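Q: Coordinates only, no sequence provided:
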């Protein structure tokens, strides 16, 4: 198995900068979204995302998220050639952050697809901490949550 690349030194330890350097890239956030909401776990599943990952970008972001300790790569019990990606504890801690982005988008994007998951948006607005805790357990089991909240 390939060794994860070392992260380059952090430019500053400003909390916002640290977050941006760890997970703040557009493509990295879409990978996190796909894991949390859609239960995607393989390279091939991520490639099928509607935003259209280029293969080199996807591979680079997966490696970066692994190096940052946000993702882990494991083997598939049914197919030894396939890698499965999942969130680490550090990655699971990002669920409330991702939920706040969803809430913000629902409020400020008139065409937001958050309209498809109004029950989740409502729960996030009411108590992000509680819904994040439940979601953390579901995502930890490799489940996506979008079906649960779709109307």
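A: Thanks, I have the structure now. Fair warning: this is a prediction, and the values are worked out from it, not measured in the lab.
Q: got a list of what residue 16 touches?
A: With contacts taken as CB atoms under 8 Å, 6 or more residues apart in numbering, residue 16 has no neighbouring residues. (Glycine included, C-beta is placed from N, CA and C.)
Q: Tell me the buried residues in the helix or strand containing it?
A: The secondary structure element spanning residue 16 is helix 15-23 (assigned by DSSP states H and E). Taking 16 or more other CB atoms under 10 Å as the basis for neighbour counts, the residues of helix 15-23 that come out buried are 21, 22, 23.
Q: same question, stretch 141-151
A: Neighbour counts over stretch 141-151 (16+ other CB under 10 Å) mark 144, 145, 146, 149 as buried.
Q: pLDDT check: weakest of these?
A: Lowest pLDDT among those: residue 149, with 82.
Q: Let me see the contact set for it.
A: Taking CB under 8 Å, 6+ apart, one finds 117, 119, 120 in contact with residue 149.
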